[in-house]
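> This is a predicted model, with the sequence first.
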Amino acid sequence: MDKNFIVGLKLKPRRKKKRLWVWILVFILAVFAVSATFKSKSELINPISKIRVDIPLKSVVENILADTKGTYGIDIKNLKSGESYFLNENTVFEAGSLYKLWVMATVYKQIQDGKLSMEQVLSEDVVVLNRKFNIDPEMAELTEGVVTYTVSDAIYQMITISHNYAALLLTEKIKLSTVANFLKENGFLQSQVGTDGDAPKSTASDIALFYEKLYKGELASEQYTQEMINLLKKQQLNDGLPRFFPDKTIVAHKTGDIGWFKHDAGIIYLPDKEASAAAEQKTYIIVVMSESTSPAGAQEKIALISKAVYEYFNNH
């Protein structure tokens, strides 16, 4: 056999082997290059992601309010961390049905002091109530008949469905002057019960202070504090703060609206697996009061603000 042929046979496999190693080397370099590029991109993306995670509470709220017409008063406080956000918190708004929070607390104080009992029956003619509280006959929900409730039932109706005549019945019994004293004694100095036909007025700051004092047990005994919070948890008007919350989220709140004013305020209990029964460890107060030419639009904003704040605190 020709030696050159034999040499040729031996040389050809070596060329193939050499080419194979070249391709392997090229592949390794390509993989390295792709990996380095991905790593470089990741290093660019991560800081952005981190910024998004760490958006401050202020931005979370104000992003919702961007280009919003109307005036909003907001007071938010995390009762565990102390982190807070305020916007026009000292601006005075007509309180709407938020005044019923003061009536509730004053009634419970009188029950605690033995001046009232839960079983006591209250009854009054609608005409009398309308006259005593300067309710325009054209604006009155009721114009005839008699309103009769036990104290217990009146409180329940007043808070859970915001029943106006249950509130008037209780207010007539305890007197507006007593409610005014309650405000003064507890430092709600920006709030007014409304007399001589004036509407009750308050601020986001005062309403938040009410909830903080209630939460800390500073408005009544432990028993009656818990009863008031439980009543607020049974609120049936839930198109505001709790609207976009996950199912079974615990919310103790009260709505308020009248005319161009739309409000919602309460205590939100976040889920906390580490806290077992002490869910209060992840609890915050949120008060949103508003005045606008679109109360329905304000209601939507309240719900969106509440959702954003919930997600913020739930992830911090």
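Everything's here; your move.

> CA atoms for contacts and neighbours, from now on please.
Fine.

> Which parts of the protein are helices?
Secondary structure of the chain by DSSP state H: the helices cover 3-53, 57-65, 99-112, 126-132, 151-160, 164-174, 176-185, 204-215, 222-233, 295-314.

> What angle do helix 57-65 and the last one make with each other?
Here helix 295-314 runs at an angle of 150 degrees relative to helix 57-65 (axes from the mean of the first three to the mean of the last three Cα atoms, to 10 degrees).

> so what's the spatially closest residue to residue 306 that is not a sequence neighbour up against?
Using Cα to Cα, 6 or more residues apart in numbering and skipping residues adjacent in sequence, the residue nearest residue 306 is residue 241, 5.3 Å away. By Cα atoms under 8 Å, 6 or more residues apart in numbering, the contact list for residue 241 reads 264-265, 302-303, 306-307.

> per-residue confidence for residue 241?
Note for residue 241: predicted pLDDT of 98.

> try the one 3 residues further on
Note for residue 244: predicted pLDDT of 97.

> which one is it nearest to, not counting chain neighbours?
Per Cα to Cα, 6+ apart, closest to residue 244 is residue 307, 5.8 Å.

> hang on, isn't residue 150 packed against residue 116?
No: look at residue 150 against residue 116 with Cα atoms under 8 Å: they stay out of range, at 10.6 Å.

> Tell me who's in contact with the residue nearest to residue 244.
Contacts of residue 307 (Cα under 8 Å, 6+ apart): 241-245.

> same thing with residue 264?
Residue 264 sits next to 240-241, 253-256, 287-289, 302 when contact means Cα under 8 Å, 6+ apart.

> I'd like to know which of the residues you listed is nearest to residue 133.
Distance to residue 133 across those (Cα to Cα) is lowest for residue 256, with 17.9 Å.

> Am I right that that closest one is in contact with residue 98?
Yes: taking Cα under 8 Å as the definition, residue 256 is a contact partner of residue 98 at 5.0 Å.

> Now do the shared contacts for these two.
residue 263.

> Mind checking which of those two has more residues around it?
Per other Cα atoms under 10 Å, whichever of residue 256 and residue 98 has more neighbours is residue 98, with 24 against 20.

> how close does that one get to residue 312?
The gap separating residue 98 from residue 312 is 26 Å, by Cα to Cα, to the nearest Å.

> again with residue 216
Residue 216 is 24 Å from residue 312, by Cα to Cα.

> So for these two, which sits in the more crowded spot?
Counted by other Cα under 10 Å, residue 216 and residue 312 do not tie: residue 312 has more neighbours, with 17 against 12.

> my guess is the more buried one meets residue 57, correct?
Yes: between residue 312 and residue 57 there is a contact at 7.1 Å, judged by Cα under 8 Å.

> Switch the contacts of residue 307 over to TSV; also include distance to residue 130.
TSV is the format used below for the contacts of residue 307 (distance: Cα to Cα, whole Å):
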residue	distance to residue 130
241	31
242	33
243	33
244	37
245	38
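
> most surrounded residue in those?
For those, the largest number of neighbours (other Cα under 10 Å) sits with residue 241, at 32 neighbours.

> What are the phi and psi values at residue 191?
The phi/psi pair for residue 191 (degrees, to the nearest 10) reads phi -110, psi 150.

> which one is it nearest to, not counting chain neighbours?
Using Cα to Cα, 6+ apart and skipping residues adjacent in sequence, the residue nearest residue 191 is residue 202, 4.2 Å away.

> so how many other residues sit close to that neighbour?
25.

> got a list of what it touches?
Neighbours of residue 202 in contact, by Cα under 8 Å, 6+ apart: 92-95, 190-192.

> ok, of those residues, which one's closest to residue 231?
residue 95 (19.5 Å).

> quick one: that closest one and residue 211, what's the gap?
Residue 95 is 15 Å from residue 211, where distance means Cα to Cα.

> What of residue 94?
Applying Cα to Cα to residue 94 and residue 211 gives a distance of 18 Å.

> higher neighbour count, these two?
residue 94 (27 against 24).

> Surely that one and residue 194 touch.
No: using Cα under 8 Å, residue 94 makes no contact with residue 194, being 9.5 Å away.

> so what sits against both of the two?
Common contacts of residue 94 and residue 194 (Cα under 8 Å, 6+ apart): 200-201.

> wouldn't residue 265 be in contact with residue 302 here?
No: using Cα under 8 Å, residue 265 is not in contact with residue 302; the gap is 9.7 Å.

> Give me the common contacts of the two.
Residues touching both residue 265 and residue 302 (Cα under 8 Å, 6+ apart) are 241, 288.

> Please name the bridge partners of the closest residue to residue 262 other than its chain neighbours.
Distance criterion Cα to Cα, 6+ apart; nearest residue to residue 262, sequence neighbours excluded, is residue 290 at 5.3 Å. Under DSSP bridges, the beta-bridge partners of residue 290 are residue 72, residue 262.
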